[in-house]
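A.B. asks: Sequence below, structure please.
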Amino acid sequence: MLTDVPADARILREEVFGPVAPIAGFDTEDEAVAAANATEYGLAAYIYTRSLDRALRVAETVESGMVGVNRGVISDPAAPFGGVKQSGFGREGGFEGIEEYLETKYIALPG
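C.D. replies: Next up is the predicted model:
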């Protein structure tokens, strides 16, 4: 865990695949969402709050493919897995993942 990370720190702009948690402070919810969205990556976001309303509001506005609320592990074989922006296109896992491997074709017959 890295605390008091400056807003312009490189670690806040790059995807880290390892046991690293940079912690940056914020004063408002809007400021936190803006900071989270100010990156070209969007695999997952994590929200820790006592307010379900806040959790849902932030989950809707943060630009990520997956959102964990008050939990650190959000992967589940039955759930779609994937990111947005430079963190991926499409989904794997769950119904949405199966859809990625299928092609839909519409066939219209007379009558």
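A.B. asks: okay, V20: pLDDT?
C.D. replies: If you check V20, the pLDDT there is 90.
A.B. asks: What residues does it make contact with?
C.D. replies: V20 sits next to L2, I11 when contact means Cβ atoms under 8 Å, 6 or more residues apart in numbering. Where C-beta positions appear, they are placed from N, C-alpha and C, glycine not excepted.
A.B. asks: what about the helices in this structure?
C.D. replies: Applying DSSP state H to the chain gives helices spanning 29-37, 52-61, 94-100.
A.B. asks: The longest one - contacts with which helices or strands?
C.D. replies: Okay, so that is helix 52-61. helix 29-37, strand 44-47, strand 66-69 (3 or more Cβ pairs under 8 Å, 6 or more residues apart in numbering; DSSP states H and E).
A.B. asks: Pull up the pairing partners for the last one, direction included.
C.D. replies: Sheet neighbours of strand 66-69, with direction, are listed as strand 44-47 (parallel) (DSSP bridges).
A.B. asks: Now do the same contact list for A44.
C.D. replies: Counted by Cβ under 8 Å, 6+ apart, A44 has contacts S64, G65, M66, V67, G68, I74, G83.
A.B. asks: Quick check, G68 in contact with Y48.
C.D. replies: No: applying Cβ atoms under 8 Å as the test, G68 and Y48 come out as separate, 9.0 Å apart.
A.B. asks: Could you find the closest non-adjacent residue to L2?
C.D. replies: Leaving aside its sequence neighbours, L2 sits nearest to P22 (Cβ to Cβ, 6 or more residues apart in numbering; 4.6 Å).
A.B. asks: Y48 versus that neighbour, what's the distance?
C.D. replies: When distance is defined by Cβ to Cβ, to the nearest Å, P22 is 15 Å away from Y48.
A.B. asks: So which of those two has more stuff around it?
C.D. replies: Taking other Cβ atoms under 10 Å, P22 and Y48 do not tie; P22 has more neighbours (15 against 10).
A.B. asks: What number of residues are in the vicinity of G42?
C.D. replies: 21.
A.B. asks: What pLDDT does the model give it?
C.D. replies: What the model reports as pLDDT for G42 is 79.
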